[in-house]
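In: Pasting a predicted model and its sequence here:
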Amino acid sequence: SFPMAAAAAAGSGGSDRGMLRSARVAVIGAGAAGLAAARELRREGHAAVVFERAGDVGGTWIYEEAREGGHSSMYASLRTNLPREVMGFLDFPFVATPGSSSVDARRFPRHEEVLRYIQEFARRFDLYGLVRFRTEVTAVVVTTSTRWLVRWRSTTSTSGEQEQEEEEEFDAVVVCNGHYTEPRVADIPGVDSWPGKQMHSHSYRVPEPFRDEVVVIIGAKNSGGDISREIAGVAKEVHMVNRASPASTCERLPGYHNLWLRSMVERAEPDGSVVFRDGSSVRAHVILHCTGYKYSFPFLLLQQQLQLLQVDDNRIHPLYKHVFVPQVAPNLAFIGLPFKVIPFPLVELQSCWVAAALSGRIRLPSEEEMMEEVGARYSELQAMGWPQRHTHCLKHNQFDYDDWLAEQCGHGGVEEWRKAMYDAASNKKVQCPETYREEWDDHHLLEQAYNDFQTYIN
Ligand code: FAD
């Protein structure tokens, strides 16, 4: 067995606080997840050091011009796809009160408003002081003791000069590095000799470069849908491809003269054609992949760690409840991995759980029991006919998961109005993709939300 296991089982190695332990914890990333983790760790009596590569908190919500190796996937016009009342942390409502520093008071605000909110969260809970900015974690190494060696590179200037590598030991590591940065692209036969331009939504910023072009957009979910509509405003033609659509699909979307929904791309040809499953084709200038992202932990994939965990077809194995690696639990934890969820409340609850497991306030099951649970999850997925890459997709049961976490932690959990509002907004988005951000009919839920928020607003 891995040498760490026995040590981890014996505890985190930190000092005693009565029956509870307090650990020195390295948190990787200062986006919403890292900040939630830092807050909950401190509340539980741990000492957290947050490593952040960027110069501020906010993660993917810090808009940046597209560049090689950039972190953020935000494009200029992006507005949230969830109503703000649903999105916010449970005890820090995402509201635009009169006199606040809000930059977009709408229910589905632009990305700048989310960044403002996250930064306000960091100020309100005094988290800035815990973060080491412009500090990139390059390696996390499990030593033979109970300790984790964290190696990092800090840049003292924005141009990346004066880099220094340093390392430091911690009792535990909480990984919060986000998972919307490493593009996943569709495999298209013949694309290597296709002469057009390929890109991923990760680098999409503004529609102007697509003026008068013919664009094939692969993916019809959040990004694909929104970006297709935006590009249709300037492009000659936009063909949005939905992998799940029947082969015969070829329909012009209402309200557009140049936006088409198509079946999956079958192949690309050297003369510039892109051929769809129904045999029809278009000569396209650009294929824009809106096909999602891959989990990536470049700082973890050392030989030694491979015994601990692996990422295969977007399954991180083994992970107990998407958070702990059983063999070294609770000393290595991941926050914010599940997708098709409301991220902020989820990372808040996961963080409470991790903090309490590290202090010993909550006892985790044995390594064997956790592994059994991981296996049960895989069988369940298989029975539902889900592909492996959906292991961390919580589409149908995020609220069961949230409730389970809340129960573990003795936390109030996700409010019933929030669950109902999420469902209402999700349905509305499917029914009215053009207008769901401007029109809604969940007024009774809004009233309940704002009633609840009174507890937290001043
Ligand atoms: P991130 O915000 O990505 O933060 C990760 C942080 O880790 C970054 O600051 C990064 O610099 C840092 N980091 C990474 N590697 C290292 C390293 N080696 N060393 C040091 N630091 C490192 N969510 C919603 O609730 N509503 C929405 O409407 C919504 N829309 C979205 C639209 C897009 C296009 C995308 C991409 C995401 C959207 N999300 C939305 C989901 C969004 O990802 C979450 O809201 C949330 O920001 C995730 O936070 P995070 O902390 O997990 O990751």
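Out: Happy to help now that I have it.

In: Spatially nearest residue to the closest residue to the ligand within the stretch 201-350 of the chain, not counting backbone neighbours?
Out: Proximity of the stretch 201-350 of the chain to the ligand (CB to the nearest ligand atom) peaks at residue 336, 3.5 Å away. For glycine as for every other residue, the C-beta is placed from the backbone atoms N, C-alpha and C. Leaving out its chain neighbours, the residue that sits closest to residue 336 by CB to CB, 6 or more residues apart in numbering is residue 33, at 3.6 Å.

In: And residue 393, by the same measure?
Out: That would be residue 340: by CB to CB, 6+ apart, it lies 5.2 Å from residue 393.

In: Please name the residues that touch that neighbour.
Out: 393, 394, 395, 398 (CB atoms under 8 Å, 6 or more residues apart in numbering).

In: quick one, phi/psi of the residue in the stretch 151-300 of the chain that the ligand sits nearest to?
Out: Closest residue of the stretch 151-300 of the chain to the ligand, CB to the nearest ligand atom: residue 178 (2.2 Å). Residue 178 adopts backbone torsions of phi 80, psi 160, taken as degrees, to the nearest 10.

In: Hmm, it is touching residue 71, no?
Out: Yes - with contact defined as CB atoms under 8 Å, residue 178 reaches residue 71; the gap is 7.2 Å.

In: Can you check which residues contact both of the two?
Out: Joint contacts of residue 178 and residue 71 (CB under 8 Å, 6+ apart) are 59, 60.

In: Give me the more crowded residue out of these two.
Out: residue 178 (24 against 19; other CB atoms under 10 Å).

In: any idea how far that one lies from residue 320?
Out: Look at residue 178 and residue 320: by CB to CB, to the nearest Å, they are 21 Å apart.

In: cool, residue 418 as well?
Out: Taken as CB to CB, the span from residue 418 to residue 320 is 26 Å.

In: before we move on, what about residue 359?
Out: On the measure of CB to CB, residue 359 and residue 320 end up 18 Å apart.

In: what's the residue nearest to residue 393 sitting at in phi/psi?
Out: phi 60, psi 50.

In: what do you get for residue 148?
Out: phi -110, psi 130.

In: can you pull the contacts of it?
Out: 26, 140, 141, 142, 169, 170, 171, 172, 173, 331, 332.

In: Now list the buried members of those.
Out: 26, 140, 141, 142, 170, 171, 172, 173, 331, 332 (16 or more other CB atoms under 10 Å).

In: so which of the residues you listed are also by the ligand?
Out: Contacts with the ligand within the buried ones among the contacts of residue 148, counted by CB under 6 Å from any ligand atom: none were found.

In: Restricted to strands, list those residues.
Out: 26, 140, 141, 142, 170, 172, 173, 332 (DSSP state E).

In: I figured the first one hits residue 47, correct?
Out: It refers to residue 26. No - using CB under 8 Å, residue 26 is not in contact with residue 47, being 10.1 Å away.

In: Just the CA coordinates for stretch 189-207, please, in CSV.
Out: This file holds the C-alpha atoms of stretch 189-207, laid out as CSV (Å, rounded to 0.1, in the frame of the first residue of the first chain):
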residue,chain,number,x,y,z
PRO,A,189,-12.2,12.7,-39.9
GLY,A,190,-10.2,14.5,-42.5
VAL,A,191,-9.8,17.7,-40.5
ASP,A,192,-5.9,17.6,-40.8
SER,A,193,-6.0,18.3,-44.5
TRP,A,194,-9.0,20.7,-44.3
PRO,A,195,-7.7,24.2,-45.1
GLY,A,196,-9.9,26.3,-42.8
LYS,A,197,-9.3,27.6,-39.4
GLN,A,198,-10.1,25.6,-36.2
MET,A,199,-10.5,27.1,-32.8
HIS,A,200,-12.2,26.4,-29.5
SER,A,201,-14.6,28.5,-27.5
HIS,A,202,-11.9,28.9,-24.9
SER,A,203,-10.3,31.5,-27.2
TYR,A,204,-13.5,33.1,-28.6
ARG,A,205,-13.8,36.7,-27.5
VAL,A,206,-15.8,38.8,-30.0
PRO,A,207,-17.8,38.2,-33.2
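
In: May I see the buried residues of it?
Out: Here stretch 189-207 shows 191, 194, 196, 198, 200, 201, 202, 204, 207 as buried, counting by 16+ other CB under 10 Å.

In: any chance you could read off phi and psi for the fifth one?
Out: What it means is residue 200. Here residue 200 shows phi and psi, under degrees, to the nearest 10, equal to phi -120, psi 150.

In: My guess is it contacts residue 287. True?
Out: No - at 9.8 Å, residue 200 does not count as touching residue 287 under the criterion of CB under 8 Å.
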